[in-house]
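**Q** Mind folding the following:
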Amino acid sequence: SSRPDCEPMTETSTSYRSQLAASLLVGIEVLVLDADTRVHAGIEQLLSEAQLHVTCVPTADDALSEVERQFFSVVLIDIDTPAPASGINTIRAIHQASPTSMIIAMTPRRSYDDAVEALRAGAIDLILKAPESVAYLKERVLDAAGRSVGKREVDSVLTDVRGVHEEFLQRFMETERRAI
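**A** Next up, the predicted model:
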């Protein structure tokens, strides 16, 4: 026989897990590149509710300066800022400058070519700029922030492992030389 209190317990543990995940993302930095200040206001409100720090810039040059100045876990780029499809080059430049930043491209139109180009340039997703996409955008930003944190931790561990491995090989070779 099943206990009636099992179901709420599952809900509680799930919400606890999502609260825990969300708490790990508090203060994560998000950069938004879009020429439209109304988009800035909307995204800033949406993501600050999730306790993410949002920096909005109107030009590609400003975005690149920000990325050189500090690390952003997530970068949202309008592919039409400053001109149609010019954001693709910005995606490429930011991906080169900050490989562990997760880049999400935003577009005002449904275009297979734009999607392919954005992904090839280094974006992890392309989201339609439309009211029905707002919840999805927030979900994708939170997911990308988690992936960025995870990727940086993995990179850090791999660097440590490489160092230990290198030290081991050197000691092993010294021991071998002494034995000969």
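**Q** Output the contacting helices and strands for the helix ranked longest in the chain.
**A** In the chain, with assignment by DSSP state H, the single longest helix is helix 134-179. The contact analysis (3 or more CB pairs under 8 Å, 6 or more residues apart in numbering; DSSP states H and E) places helix 134-179 against helix 6-24, helix 37-48, strand 74-78, strand 102-107, strand 123-128. Bear in mind the C-beta positions are built from the backbone N, C-alpha and C, glycine included.
**Q** rerun that using 6 Å as the cut-off
**A** strand 74-78, strand 102-107 (3 or more CB pairs under 6 Å, 6 or more residues apart in numbering; DSSP states H and E).
**Q** The last one pairs with which strands, parallel or anti?
**A** Within its sheet, strand 102-107 is paired with strand 74-78 (parallel), strand 123-128 (parallel), according to DSSP bridges.
**Q** Looking at the helices and strands packed on helix 134-179, which one is packed in the most?
**A** Ranked by mean neighbour count, the helices and strands packed on helix 134-179 are led by strand 74-78 with a mean of 26 (mean count of other CB atoms under 10 Å).
**Q** So what's the model's average confidence on it?
**A** The pLDDT scores in strand 74-78 average 95.
**Q** hey, C-alpha coordinates of it in CSV?
**A** Taking C-alpha atoms only, strand 74-78 is exported to CSV below (Å, rounded to 0.1, in the frame of the first residue of the first chain):
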residue,chain,number,x,y,z
VAL,A,74,26.0,34.2,-19.9
VAL,A,75,26.0,36.6,-22.8
LEU,A,76,22.8,37.4,-24.6
ILE,A,77,23.4,38.9,-28.1
ASP,A,78,20.8,40.4,-30.5
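**Q** right, and the helix or strand after that strand?
**A** Going down the chain from strand 74-78, the next helix or strand is helix 87-97, by DSSP states H and E.
**Q** counting contacts, what elements does that next one pack onto?
**A** helix 60-69, strand 74-78, helix 112-121.
**Q** got those as a markdown table, with distance to residue 171 columns?
**A** Output for those, formatted as a markdown table (distance: least, CB to CB, whole Å):
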| stretch | distance to residue 171 |
| --- | --- |
| helix 60-69 | 39 |
| strand 74-78 | 41 |
| helix 112-121 | 44 |
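**Q** winner for burial among these?
**A** A comparison of the helices and strands packed on helix 87-97 by mean neighbour count, using mean count of other CB under 10 Å, puts strand 74-78 on top with a mean of 26.
**Q** still on that earlier bit, relative orientation of the longest helix of the chain and strand 123-128 in degrees?
**A** 180 degrees (axes from the mean of the first three to the mean of the last three CA atoms, to 10 degrees).
**Q** Great, nothing more from me.
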